[in-house]
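**Student:** Okay, predicted coordinates and the sequence, questions at the end:
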Amino acid sequence: MRASGHILLISCYELGHQPFHLASLLAMLEEAGYRPMAVDTAVDELSDEVIQQARFVGISVPMHTALRLGTQLAQRVRSINPDAHICFYGLYALLNAEYLLKETIDAAIGGEYEVPLLHLIAALEQGEQKPVAGVYTAQQKSEAWVQRTPFRVPVRQQLPDLQQYARLQWGDKLWLAGYTEATRGCKHTCLHCPITPVYNGRFFAVPIEIVLADIRAQVARGAQHITFGDPDFWNGPTHALRIVQAMHREFPTVTFDATIKIEHLLKHRHLLPIMKDAGCAFIVSAVESLNDTVLRHLDKGHTQADIIEVFDLLAEVGIVLRPSLLPFTPWETLGSYLQMLTFFAQRHLIEHLDAVHLSIRLLIPPGSALLALPESHAWLDDLDAAAYTYRWHHPDPRMDRLQAQIAALVETAEQTKADTVETFFQVMALAYAALGHDFSVADAQADYGPGKVLPHLTESWFC
Ligand code: SF4
């Protein structure tokens with residue numbers, strides 16, 4: 001299995017960036033002497049011929065969308081090459097393993113996947129039948145593998161050029177963007193988060209020299225901006241600061257973005273000017289909702305007042321805050337949804353949003369910590385195994401109808417590259433209509449004035 005093509009690694013979707021979860025695994029396997037072939041189907045074709053040659057197919061499923069696409073791909077692999085061993089790896093692989101193992105895949109690895117996957121390939125090569133630690137199969141159940149990985153510098157030579165991926169847009173200019181991770185897992189346990197059932201509050205820091213080497217390799221291939229895709233860049237703030245300062249010393253014109261939770265932004269606010277000086281273009285934060293009841297239910301660790309304070313703090317420092325939202329949960333109301341829209345409109349913050357976030361509906365994968373909530377029987381329905389989520393209904397049926405309307409609207413807006421401000425007010429019109437009120441999009445747009453293009457990545461990100 002050591003020859004090129006016999007091990008096939010596939011990524012289907014990684015939020016528009018060059019797939020880190022291929023690069024990281026390629027490093028581990030190549031060091032062990034394997035010569036895997038890697039294909040990113042988000043930008044490249046995968047031929048039947050390549051599938052036919054594979055004896056082992058690893059499919060990366062770090063998020064819900066990747067899992068949906070990965071399942072279709074696994075079915076294609078199965079029909080073309082029934083003898084290939086198909087393994088899903090990544091955050092969503094294990095949450096859905098029981099269902100997927102029935103016919104679609106042979107193995108699933110969650111958490112720190114590199115080492116178990118390497119051991120699985122070695123065992124298959126030697127014809128061993130015994131269970132491999134960290135590998136979930138039809139014969140053996142397994143928890144996520146949450147042990148420190150011997151990190152290696154990701155190997156990217158085989159991956160498509162950065163030109164094929166999302167870019168940083170700022171004003172009317174576009175910059176090539178790279179991606180890396182300085183930590184794995186998360187020390188928090190927010191109830192709705194898919195990281196919680198896998199890492200359960202644990203996280204690991206990637207050695208600084210490895211992160212910097214990965215950045216160096218991407219800058220050499222043209223990256224002018226780096227996204228730090230850690231679940232939370234400030235789980236280890238000193239570690240994060242050392243990395244961005246070292247990056248800035250070596251590449252003073254390279255900018256970056258990172259995801260940081262509201263609680264951390266408040267607690268370590270004194271670090272924000274250092275981030276700005278090191279080239280921080282924007283910070284993504286999982287604001288989720290402006291409704292304190294919702295935030296309490298999600299165990300987010302922040303309040304509406306905290307969110308407002310963080311918007312003000314970042315504005316003072318000159319870093320754009322881009323909130324990610326989860327506005328459709330059982331606890332949001334039509335009134336509080338409209339209040340959230342009004343907040344963004346009145347404070348001139350519409351351009352901070354990606355419209356898709358106005359439509360996001362809570363996903364409850366198998367294993368979700370939300371399933372243990374005593375009051376969940378009021379809104380929780382059965383498991384939709386094929387969609388990898390439990391069904392749930394909002395206590396107010398108008399909210400479910402509204403979510404479907406907004407999802408259709410923002411999908412069309414994304415395809416047609418519609419104006420962000422206009423799309424926002426069209427969403428607002430739908431919300432008012434759900435209440436039985438009229439709302440003029442044209443008047444609201446005229447009051448708001450012309451929109452501006454704040455720094456953002458050209459792929460609208462969601463799970
Ligand atoms: S939502 Fe963010 S802070 Fe909470 S567990 Fe997930 S990654 Fe960590």
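**Tutor:** That came in fine, so what should we check first?
**Student:** Which segments of this structure make up each domain?
**Tutor:** 7-125, 162-457 (automatic domain parsing).
**Student:** can you tell me the distance between the two ends of the first one?
**Tutor:** It refers to domain 7-125. The separation between the terminal residues of domain 7-125, taken as CA to CA, to the nearest Å, is 11 Å.
**Student:** Checking that domain against the ligand, do any of its residues make contact.
**Tutor:** No. Judged by CB under 6 Å from any ligand atom, domain 7-125 stays clear of the ligand, getting no closer than 10.5 Å. For every residue, glycine as well, the C-beta is placed using N, CA and C.
**Student:** how much space between Ile51 and Pro327?
**Tutor:** Distance, Ile51 to Pro327, by CB to CB, to the nearest Å: 40 Å.
**Student:** And the two? Which one has more around it.
**Tutor:** Pro327 (27 against 20; other CB atoms under 10 Å).
**Student:** Write out the residues of the chain neighbouring the ligand.
**Tutor:** 186, 188-190, 193, 195-196, 231-232, 261, 286.
**Student:** For the closest residue to Tyr179 other than its chain neighbours, which three-state class applies?
**Tutor:** Spatially, and ignoring its direct neighbours in sequence, Tyr179 is nearest to His17 (3.9 Å; CB to CB, 6 or more residues apart in numbering). Taking DSSP: H, G, I helix; E, B strand; the rest coil as the rule, one finds His17 in the coil state.
**Student:** Then Ala177?
**Tutor:** strand.
**Student:** quick one: it and Tyr165 touch, right?
**Tutor:** Yes. When contacts are counted by CB atoms under 8 Å, Ala177 is listed as touching Tyr165 (6.8 Å).
**Student:** Can you work out which residues contact both of those two?
**Tutor:** His17 (CB atoms under 8 Å, 6 or more residues apart in numbering).
**Student:** what sits against the residue of the stretch 351-463 of the chain found nearest the ligand?
**Tutor:** Nearest residue of the stretch 351-463 of the chain to the ligand (CB to the nearest ligand atom) works out as Ala369 at 9.5 Å. The contact partners of Ala369, by CB under 8 Å, 6+ apart, come to 189, 191-192, 196-197.
**Student:** Now do it against Cys186, distance only.
**Tutor:** For Ala369, the distance to Cys186 - CB to CB - is 13 Å.
**Student:** Kindly report the same for Leu94.
**Tutor:** 16 Å.
**Student:** what helices or strands is whichever strand or helix holds Leu25 leaning on?
**Tutor:** Using DSSP states H and E, Leu25 falls within helix 20-31. For helix 20-31, the contact count by 3 or more CB pairs under 8 Å, 6 or more residues apart in numbering; DSSP states H and E identifies strand 7-11, strand 37-40, strand 56-60, helix 114-125 as packing neighbours.
**Student:** Now do the third one: which elements does it pack against?
**Tutor:** Using 3+ CB pairs under 8 Å, 6+ apart, the elements in contact with strand 56-60 are strand 7-11, helix 20-31, helix 64-80, strand 85-89, helix 114-125.
**Student:** neighbour-wise, which of Leu94 and Cys186 wins?
**Tutor:** Per other CB under 10 Å, whichever of Leu94 and Cys186 has more neighbours is Leu94, with 29 against 21.
**Student:** three-state assignment of that one?
**Tutor:** coil.
**Student:** secondary structure element for Val287?
**Tutor:** Per DSSP H and E: strand 280-288 holds Val287.
**Student:** same for that strand, what does it pack against?
**Tutor:** strand 255-259, helix 262-267, helix 292-298, helix 304-317, strand 320-325.
**Student:** and the first one, which strands flank it?
**Tutor:** With DSSP bridges as the test, strand 255-259 is paired with strand 225-228 (parallel), strand 280-288 (parallel).
**Student:** Could you export those strands to JSON lines, including columns for distance to Ile350, mean neighbour count and mean pLDDT?
**Tutor:** Shown next, in JSON lines, are the strands paired with strand 255-259 (distance: least, CB to CB, whole Å; neighbours: other CB atoms under 10 Å; pLDDT from 0 to 100):
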{"stretch": "strand 225-228", "distance to Ile350": "23", "mean neighbour count": "26", "mean pLDDT": "98"}
{"stretch": "strand 280-288", "distance to Ile350": "14", "mean neighbour count": "23", "mean pLDDT": "97"}
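**Student:** Format the CA atom coordinates belonging to the lowest-mean-pLDDT helix or strand in the chain as CSV.
**Tutor:** Taking mean pLDDT, DSSP states H and E as the measure, the helix or strand of the chain with the lowest value is helix 97-100, at a mean of 87. The C-alpha trace of helix 97-100 is given here as CSV (Å, rounded to 0.1, in the frame of the first residue of the first chain):
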residue,chain,number,x,y,z
ALA,A,97,-20.3,6.4,13.1
GLU,A,98,-23.0,3.9,14.1
TYR,A,99,-25.2,4.9,11.2
LEU,A,100,-22.4,5.3,8.6
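**Student:** Show residues contacting that helix.
**Tutor:** So helix 97-100 is contacted by 71, 74, 88, 93, 108, 110, 136, 366, 385-386, 388 (CB under 8 Å, 6+ apart).
**Student:** Drop anything exposed from those residues.
**Tutor:** Taking 16 or more other CB atoms under 10 Å as the criterion, what is buried in the contacts of helix 97-100 is 71, 74, 88, 93, 108, 110, 136, 366, 388.
**Student:** Closest one of these to the ligand?
**Tutor:** Out of the buried ones among the contacts of helix 97-100, the member with the shortest distance to the ligand (by CB to the nearest ligand atom) is Gly110, at 15.1 Å.
**Student:** May I have the phi/psi pair for the closest residue to the closest one other than its chain neighbours?
**Tutor:** In space, and not counting its chain neighbours, Gly110 is closest to Leu94: 3.0 Å by CB to CB, 6+ apart. Backbone torsions of Leu94, given as degrees, to the nearest 10, read phi -80, psi -30.
**Student:** do you know how far Leu94 is from Gly201?
**Tutor:** Per CB to CB, Leu94 is found 17 Å from Gly201.
**Student:** With Met340 instead?
**Tutor:** Taking CB to CB, one finds Met340 at 29 Å from Gly201.
**Student:** Select the longest helix from the chain.
**Tutor:** Criterion DSSP state H: the longest helix present in the chain is helix 397-416.
**Student:** who touches the helix or strand that that helix is followed by?
**Tutor:** As assigned by DSSP H and E, the chain's next helix or strand after helix 397-416 is helix 420-434. Contacts of helix 420-434 with the rest of the structure, by CB under 8 Å, 6+ apart, involve 334, 337-338, 341, 344-345, 350-351, 353, 355, 358-359, 398-399, 401-402, 405-406, 409-410, 413, 438-441, 444-445, 448, 451.
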